[in-house]
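A.B. asks: Any chance you could fold what I've pasted below:
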Amino acid sequence: MIVLRRHVPNYLDASPDEKRALWDLVDEVCARLTIERAPAGFNIGINLGEAAGQTVMHLHIHVIPRYAGDMPDPRGGVRHVIPEKAKYWT
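C.D. replies: Below you'll find the model as predicted:
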């Protein structure tokens, strides 16, 4: 999890410089995790507002390393928050 130092409730409240710094850090975290943990992929996400699942009202980005076989069918990724949209390829 990457957390902005300045308290802002969500991504839209961050300054352009803060947003750039967050995404630069996402790149650094992914690079380090790739070296140290060798994931097969990543899910990267931000929940923006209660309706989107945000429960901590402070801007943070989830960086989730993923591994082959860590779930039966990873296709659809974050689309699984809306079950009827998850399998968009069918």
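
A.B. asks: Any stretches of the protein with poor pLDDT?
C.D. replies: For the chain, residues meeting the criterion pLDDT under 70 lie at 81-82, 85, 88.

A.B. asks: Residue for residue, what is the longest strand it has?
C.D. replies: What stands out as the longest strand in the chain, according to DSSP state E, is strand 60-66.

A.B. asks: which residues sit against that strand?
C.D. replies: Applying C-beta atoms under 8 Å, 6 or more residues apart in numbering, the contact partners of strand 60-66 are 1-4, 22, 26, 29-30, 33, 37, 39-47, 74. C-beta: built from backbone N, CA, C; applies to glycine.

A.B. asks: which residues of the protein fall in strands?
C.D. replies: 2-3, 41-45, 60-66.

A.B. asks: which one of those strands lies closest to Gly53?
C.D. replies: Minimum separation from Gly53 across the strands of the chain (C-beta to C-beta) falls at strand 41-45, 9.3 Å.

A.B. asks: Could you check the closest one and say which residues are buried?
C.D. replies: Phe42 (16 or more other C-beta atoms under 10 Å).

A.B. asks: Kindly calculate the angle that that strand makes with strand 60-66.
C.D. replies: 160 degrees (axes from the mean of the first three to the mean of the last three C-alpha atoms, to 10 degrees).

A.B. asks: Quick one: distance of strand 41-45 to the chain centre.
C.D. replies: Centre-to-centre, strand 41-45 and its host chain are 5 Å apart (C-alpha atoms, centre = their mean, to the nearest Å).

A.B. asks: That one - contacts with which helices or strands?
C.D. replies: helix 16-37, strand 60-66 (3 or more C-beta pairs under 8 Å, 6 or more residues apart in numbering; DSSP states H and E).

A.B. asks: got the contact list for it?
C.D. replies: Contacts with strand 41-45, where a contact means C-beta under 8 Å, 6+ apart, come from 26, 30, 33, 61-66, 77-78.
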